[in-house]
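*Asks:* next comes the sequence, and after it the predicted model I'd like to discuss.
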Amino acid sequence: MGSANRLKLGLFGANCSSGRAVTAVPERWSGSWLDCVWLARVADQAGIEFMLPIGRWKGYGGDTDYQGETWETVTWACGLLAKTERLTVFGTVHAPLIPPLIAAKEFVTADHIGEGRFGLNIVCGWNEGEFEMFGATLRDHEARYDYAQEWLDIIKLAWSPHENFDFAGQFFTLKGVRAKPKPYGETLPLIMNAGASATGRAFAIRNCDALFSTISRGISFEETAGHISSVRALARQTGREIDVYTVGVVTCRPTAREAQDYYRHAIVDDADWAAVDNILAMKNITLQMYSLEEFQHIRDHQANGMGGLPLVGDPDSVARGLARLAALGLKGIAVSFVNYLDELPYFCAEVLPRLAGLRDNHATGRPGSF
Ligand SMILES: Cc1cc2nc3c(=O)[nH]c(=O)nc-3n(C[C@H](O)[C@H](O)[C@H](O)COP(=O)(O)O)c2cc1C
């Protein structure tokens, strides 16, 4: 991602209605195409480095049909890349749902539209209900990553200077493959993955430029620092470099009291609890497995940005939180807001200038040029 900023910032989940906030407040994110375009342009001008969409095909129900409206992410990325200048836009792609050569071609198309700014987030899938919509079978956990490995090997071959190649693997047998043009310029699209299991992490270490890891409930900052250095050390053992990113949820207001009040209003009093419970049930998280207090804590965390790290407070405390994450060794964070467009300008105006040393390139804006 092009900027020299030490801590990269991205926006996560704007391609879905309600984004990452499981709330019924009327100002929740629409996810409409025009709102996405405006958001991308504001982010581009403010020097935000990337937008990361969610590969989501089916809403979670509840009172709002949470994430019921979603844009397919590669075409969404193409549109936003065409309307921006600096931003990296990812596509989030379920490897088992699309043949690798069509995928490789789509990614090259997006990469040329963005003049090298397309990124790929590979996901293997976890949600059986979504796979059933495609008539696809969700493989067992380890096999999902074996499949993704072949899928990605083929994509990288298609991107390589090879004129023709054959491929014979466990899942694919391809003959006389030609794929032109190649990715834009001298670089390949950035590749990321968010595997949480040992197998998922190993996949990222073998193949990706970035691993996204959630800092979950109960995991300390010290453990996070240990995780980051072990991922990077494992990559180096194989001659690779990998960056570790995380996911956050920002509620930033002029005072701590205002931030906490809004958080309570949007994410507690007006949460879409029916949707929260649907999400947890899909992940087999039930009250029977936890004490009432623990279960409520998990529900709260899910309502506020699907489990990302909450950053709730005034600009000083949100900036301190971000600086602390950078000090742990994180390369960046993908954040969400209840309404990205309403909240991003304040965040950029008040929080970014407080990140001295981490984001000195924030002032790229040319106000009014769009
Ligand atoms: C930042 C981030 C983004 C993710 N995006 C998606 C997504 O868009 N679609 C999806 O099905 N899974 C997504 N996941 C889930 C992961 O791809 C992965 O399945 C999950 O972290 C479990 O890890 P595992 O496969 O190693 O068990 C995401 C996870 C994170 C932390």
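*Replies:* Looks like it arrived, so ask away.
*Asks:* which parts of this protein sit against the ligand?
*Replies:* 54-55, 92, 123-126, 194-197, 199-200, 212, 214, 247 (CB under 6 Å from any ligand atom). (Each C-beta comes from the backbone N, C-alpha and C, glycine too.)
*Asks:* what number of residues lie near Glu27?
*Replies:* Residue neighbour count, defined by other CB atoms under 10 Å, stands at 12 for Glu27.
*Asks:* can you give me the strands for the stretch 201-350 of the chain?
*Replies:* Per DSSP state E, counting those that start in this stretch, the stretch 201-350 of the chain carries strands over the ranges 210-212, 243-252, 309-313, 332-336.
*Asks:* how about these in a markdown table, adding mean pLDDT and mean neighbour count?
*Replies:* As requested, the strands of the stretch 201-350 of the chain are arranged in a markdown table below (pLDDT from 0 to 100; neighbours: other CB atoms under 10 Å):
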| stretch | mean pLDDT | mean neighbour count |
| --- | --- | --- |
| strand 210-212 | 97 | 24 |
| strand 243-252 | 96 | 24 |
| strand 309-313 | 95 | 21 |
| strand 332-336 | 97 | 26 |
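*Asks:* could I get the ones you listed as CSV with distance to Trp38?
*Replies:* As requested, these are exported to CSV (distance: least, CB to CB, whole Å):
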stretch, distance to Trp38
strand 210-212, 25
strand 243-252, 18
strand 309-313, 23
strand 332-336, 16
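*Asks:* re earlier: now the residues of the chain next to the ligand: which count as buried?
*Replies:* Taking 16 or more other CB atoms under 10 Å as the criterion, what is buried in the residues of the chain next to the ligand is Ile54, Gly55, Thr92, Val123, Cys124, Gly125, Ala194, Gly195, Gly200, Phe212, Thr214, Val247.
*Asks:* which among those gets closest to Asp261?
*Replies:* Using CB to CB, Val247 comes nearest to Asp261 of those, at 23.9 Å.
*Asks:* look at the nearest residue to the closest one once chain neighbours are set aside and report its pLDDT.
*Replies:* Using CB to CB, 6 or more residues apart in numbering and skipping the chain neighbours, the partner closest in space to Val247 is Gly308 (3.9 Å). On the pLDDT scale, Gly308 is placed at 87.
*Asks:* do I have it right that Gly308 meets Phe337?
*Replies:* No - counting by CB atoms under 8 Å, Gly308 stays clear of Phe337, with 11.1 Å between them.
*Asks:* mutual contacts of the two, please.
*Replies:* Common neighbours of Gly308 and Phe337 (criterion: CB atoms under 8 Å, 6 or more residues apart in numbering): Val249.
*Asks:* ok, and the closest non-adjacent residue to Leu97?
*Replies:* Nearest one to Leu97, counting by CB to CB, 6+ apart, is Phe134 at 5.6 Å.
*Asks:* measure how buried the one you found is and give me the count.
*Replies:* By the criterion of other CB under 10 Å, Phe134 has 13 neighbours.
*Asks:* how about the contacts made by the residue nearest to Val247?
*Replies:* Gly308 sits in contact with Phe12, Arg20, Thr214, Thr246, Val247, Gly248, Val249, Val335, Ser336, where contact means CB under 8 Å, 6+ apart.
*Asks:* so who does the third one touch?
*Replies:* Residues in contact with Thr214, defined by CB under 8 Å, 6+ apart, are Ala194, Ala196, Thr246, Val247, Gly307, Gly308, Leu309.
*Asks:* Arg354: what's it in contact with?
*Replies:* Pro315, Asp316, Ala319.
*Asks:* and with 6 Å instead?
*Replies:* Contact analysis of Arg354 by CB atoms under 6 Å, 6 or more residues apart in numbering lists Pro315, Ala319.
*Asks:* how near is Ser160 to Lys180?
*Replies:* Plainly put, Ser160 is 11 Å away from Lys180 if you go by CB to CB, to the nearest Å.
*Asks:* between those two, who's got more neighbours?
*Replies:* Between Ser160 and Lys180, Ser160 has the larger neighbour count (other CB under 10 Å), namely 13 against 8.
*Asks:* any idea how far the ligand is from the more buried one?
*Replies:* Counting by CB to the nearest ligand atom, to the nearest Å, the gap from Ser160 to the ligand is 25 Å.
*Asks:* kindly report the same for Leu81.
*Replies:* 18 Å.
*Asks:* find the nearest non-adjacent residue to Gly114, please.
*Replies:* Here the residue nearest Gly114, using CB to CB, 6+ apart, is Leu81, at 3.3 Å.
*Asks:* so for the helix or strand where Asn121 lies, mean pLDDT?
*Replies:* Asn121 is part of strand 118-123, with elements assigned from DSSP states H and E. Strand 118-123 shows a mean pLDDT of 98.
*Asks:* start at 443, not 1
*Replies:* Got it, first residue is 443 now, which makes that one strand 560-565.
*Asks:* which other helices and strands contact it?
*Replies:* The helices and strands touching strand 560-565, judged by 3 or more CB pairs under 6 Å, 6 or more residues apart in numbering; DSSP states H and E, are strand 530-536, helix 542-555, strand 632-635.
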